[in-house]
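> Would you be able to build a 3D model of this:
(chains A and B)
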Amino acid sequence: MNLYHFASPSTFYHLAGKLIPWFAWGAGILTLWGLYIGFFQAPTDFQQSEAYRIIFIHVPAAWMSMFIYLVMAFWGAIGLAFNTRLSFMMARALAPTGAMFTFVALWTGAWWGKPMWGAWWVWDARLTSELILLFLYVGIIALWAAIDDIKRGDRAGSLLTLIGAINVPIIYFSVKWWNTLHQGASVSLTKAPSMAAIMLQGMLVMAFAAWFYTIAVALVRVRRIILERERHTDWAKAILAED
Amino acid sequence: MKSRHKKLLAIGLGLAGIGIAAALILNAFQSNLVFFFSPTEVTEGKAPTDRAFRIGGLVEDGSVQRQPDGLTVRFVVTDTAKSIPVAYKGILPDLFKEGKGVVAEGKLGTDGLFTATQVLAKHDENYMPPEAAHALEQAAKAQKTVVPQ
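Residues are numbered from 1 along each chain as shown, chains lettered A, B, ... in the order given. Sure thing, here's the model as predicted:
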């Protein structure tokens, strides 16, 4: 199989169209399943009682906010090095979802912080670096929107994405490197998770739901971008005429 | 070397450069990035004396005392090595408990009493149902009685 085959916008347009329903339905089913575990199956927590249930939204959103950024940086690097058009389009298609998840992580975190810590917001390293991530997303989207020349815009935005990528390990390790009010990681690759199995299960199902949702909306968005950029080609004209 | 390999190398070197720069900057600002000081650091004189700062640690068991005015609370923050007495007037967060994590913002008086203007609860990364927590507690107690200290 030739991978370059799928790097062609027209092929990918049709492939994405076939994949979208699968990921959209997957996201819906996983969300319902995850929320059911989160609200009905998972027990209360020994110290935070019911309020801890926000982790079923907060943690998947925070993971996705960092992960989407790394994927954007990856596509940006590929685009800059190999001059592949589709990778820049993927980076652009992912950015709004990443910004959305960052906002959700900050917002649910504030809701959690008020009853648990006693403050909506504190300037500790974890919260501050996550806020910088939101500014990076907004800045990159604004930069893309501000540059009319598509090729220049792609390169400028991806360069900014790559420079900002240094923030992601800082967010992730902030709770380890410095004294923060934010608690350490409950789930990591290096140690056994420090939460009850059913709670962990609910959180992981919600994380997969967030993945499926992200893939579905990114594919919808990348199809729009492909059509817009290829509107002068015959195949795109044919599709646009059908609509 | 093909031009795209050159570009890839340039991107890699660029990222490494940014990484090193960030590491140096963060290292230089280490003390400013710290959200709170531990009681040991405070007794070693690492905390500022002229302005407000935060101390963090555990609320020492049996140290919480309500003052007669009904609003002021006194407790001791400890990191098990050193401890600092704290006075706070106001409402405590729900998670504030003896033996649990706390972060207090305020000033250290010359008498060694830390007068807090804000008290935040710091919870840990452990999540479990109350029954499991109870079972763990019982197990810890049982172990204590079996092994004489």
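
> List the residues that contact the residue most central in space within chain B.
The structure's chain B has its C-alpha centroid closest to B:Gly56; by Cα atoms, centre = their mean the separation is 3.6 Å. Counting by Cβ atoms under 8 Å, 6 or more residues apart in numbering or on different chains, B:Gly56 makes contact with A:179, A:181, B:35-38, B:77, B:101-104, B:122. C-beta here means a position set from N, CA and C on the backbone, and glycine is covered the same way.

> cool, B:Phe37 as well?
Taking Cβ under 8 Å, 6+ apart as the contact definition, B:Phe37 lies against A:179, B:46-47, B:53-56.

> ok, now with 7 Å
B:46-47, B:53-55 (Cβ atoms under 7 Å, 6 or more residues apart in numbering or on different chains).

> So what's the residue count around the spatially closest residue to A:Ala77 that is not a sequence neighbour?
Of all residues not flanking A:Ala77 in the chain, B:Ile11 sits nearest, at 5.3 Å (Cβ to Cβ, 6 or more residues apart in numbering or on different chains). Counted with other Cβ atoms under 10 Å in any protein chain shown, residues neighbouring B:Ile11 total 19.

> The one 3 residues further on now?
Other residues within reach of B:Gly14 by the criterion other Cβ under 10 Å amount to 15.

> ditto for B:Leu71
By other Cβ under 10 Å, neighbour count at B:Leu71 equals 11.

> shouldn't it be in contact with B:Lys89?
Yes: assessed by Cβ atoms under 7 Å, B:Leu71 is found in contact with B:Lys89 at 5.1 Å.

> Do a quick rundown of the helices in chain B.
B:3-28, B:30-33, B:39-43, B:130-146 (DSSP state H).

> Among the ones you listed, show the one with the smallest mean pLDDT.
Of all the helices of chain B, helix B:30-33 carries the lowest average pLDDT, namely a mean of 71.

> Take the contacts of B:Gly56 and write them to TSV, including distance to A:Thr214 and pLDDT.
Shown next, in TSV, are these (distance: Cβ to Cβ, whole Å; pLDDT from 0 to 100):
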residue	distance to A:Thr214	pLDDT
A:Asn179	33	80
A:Leu181	29	84
B:Phe35	31	82
B:Phe36	35	87
B:Phe37	40	88
B:Ser38	39	88
B:Val77	42	92
B:Gly101	34	88
B:Val102	37	91
B:Val103	34	91
B:Ala104	40	91
B:Lys122	32	86
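
> Kindly reformat the residues you listed as CSV and extend each row with distance to B:Ala16.
Shown next, in CSV, are those (distance: Cβ to Cβ, whole Å):
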residue, distance to B:Ala16
A:Asn179, 28
A:Leu181, 32
B:Phe35, 29
B:Phe36, 33
B:Phe37, 33
B:Ser38, 34
B:Val77, 41
B:Gly101, 37
B:Val102, 40
B:Val103, 36
B:Ala104, 41
B:Lys122, 35
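
> which one of those sits closest to A:Gly28?
A:Leu181 (35.4 Å; Cβ to Cβ).

> for the spatially closest residue to the closest one that is not a sequence neighbour, what are its contacts?
Leaving aside its sequence neighbours, A:Leu181 sits nearest to A:Asp124 (Cβ to Cβ, 6+ apart; 4.7 Å). Counting by Cβ under 7 Å, 6+ apart, A:Asp124 touches A:180-182, B:35.

> Can you tell me which residues in chain A are near chain B?
A:43-48, A:52, A:77, A:80-82, A:115-119, A:122, A:124-125, A:162-163, A:166, A:178-181, A:183-186, A:194-196, A:199 (Cβ under 7 Å from any Cβ of the partner chain).

> Only the buried members of those: can you turn that into a ChimeraX selection?
Selecting only the buried entries of the residues of chain A next to chain B in ChimeraX, with 16 or more other Cβ atoms under 10 Å in any protein chain shown as the criterion:
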select /A:45,46,47,48,52,77,80,81,115,116,117,118,119,122,124,125,162,166,178,179,180,181,183,185,186,194,195,196,199
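
> And for A:Leu15, the neighbour number?
A:Leu15 has 15 neighbours, counted by other Cβ under 10 Å.

> show me what contacts A:Ala105?
Applying Cβ under 7 Å, 6+ apart, the residues near A:Ala105 are A:58, A:61-62, A:65, A:130.

> quick one: which of the residues you listed has the most company?
The most crowded member of those, judged by other Cβ under 10 Å, is A:Ser65 (26 neighbours).

> Can you pull the phi/psi pair for that one?
phi -60, psi -40 (degrees, to the nearest 10).

> A:Ser49 too?
The phi/psi pair for A:Ser49 (degrees, to the nearest 10) is phi 50, psi -130.

> got the domain boundaries for chain B?
What automatic domain parsing lists as the domains of chain B is B:1-33, B:38-122.

> what's the first-to-last distance across the longest one?
To tie it back to what came earlier, the one meant is domain B:38-122. 13 Å (Cα to Cα, to the nearest Å).

> any idea whether A:Leu189 is helix, strand or coil?
Of the three states, A:Leu189 takes coil under DSSP: H, G, I helix; E, B strand; the rest coil.

> For A:Ile163, list the residues it contacts.
B:Ile18.

> and the angle for the host helix or strand of it with helix B:3-28?
Per DSSP states H and E, A:Ile163 falls inside helix A:150-164. Relative orientation of helix A:150-164 versus helix B:3-28 (axes from the mean of the first three to the mean of the last three Cα atoms, to 10 degrees): 40 degrees.

> Can I get helix A:150-164 as PDB, trimmed to CA atoms?
The C-alpha coordinates for helix A:150-164 follow below in PDB (Å, rounded to 0.1, in the frame of the first residue of the first chain):
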ATOM      1  CA  ILE A 150      -2.600  30.200   2.200                       C
ATOM      2  CA  LYS A 151       0.900  28.900   1.800                       C
ATOM      3  CA  ARG A 152       2.500  31.600   3.900                       C
ATOM      4  CA  GLY A 153      -0.200  31.300   6.500                       C
ATOM      5  CA  ASP A 154       0.300  27.500   6.700                       C
ATOM      6  CA  ARG A 155       4.000  27.900   7.300                       C
ATOM      7  CA  ALA A 156       3.700  30.800   9.800                       C
ATOM      8  CA  GLY A 157       1.000  29.000  11.800                       C
ATOM      9  CA  SER A 158       2.900  25.700  11.900                       C
ATOM     10  CA  LEU A 159       6.100  27.400  12.900                       C
ATOM     11  CA  LEU A 160       4.300  29.100  15.800                       C
ATOM     12  CA  THR A 161       2.800  25.700  16.700                       C
ATOM     13  CA  LEU A 162       6.200  24.100  16.800                       C
ATOM     14  CA  ILE A 163       7.700  26.800  19.000                       C
ATOM     15  CA  GLY A 164       4.800  26.500  21.400                       C
END
